[in-house]
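# sequence-free structure coming up:
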């Protein structure tokens, strides 16, 4: 059973993400209310902090896009399924997903 973070834990994770990646080559933008975008090399992770997620009812909606044309929709869909699999019940999602994309995505996409 999925046991999501409380709303205060979710906002604390967002603050942690900002602090962790401040000054790095990973750019975090959460200036749009209800959205967090992480630019990780050629990949961009866009997480929508939907009311369902903030009310602890579901995982957040997210999208991954690549600036490299050779990445097919099927490859990016497979990558998104992998992120779904990595989601740990009650665990911090943003940091987990960003770090996996930073460290493992290129091998996963077979670049």
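That came through fine. All values derive from a computational prediction rather than experimental measurement.

# Residue 37 belongs to a helix, doesn't it?
No. Residue state for residue 37 (DSSP: H, G, I helix; E, B strand; the rest coil) corresponds to strand; a helix is not indicated.

# What is the burial count for it?
Other residues within reach of residue 37 by the criterion other CB atoms under 10 Å amount to 16. Quick note: C-beta positions are derived from backbone N, CA and C, even for glycine.

# do the same with residue 95
For residue 95, the number of neighbouring residues by other CB under 10 Å comes to 16.

# Please identify which helix or strand holds it.
Residue 95 is part of helix 93-103, with elements assigned from DSSP states H and E.

# What residues sit buried inside that helix?
Applying a neighbour-count criterion of 16 or more other CB atoms under 10 Å, the buried positions in helix 93-103 are 93, 94, 95, 97, 98, 100, 101, 102.

# Residue 22 - how many residues pack around it?
For residue 22, the tally of surrounding residues (other CB under 10 Å) stands at 10.
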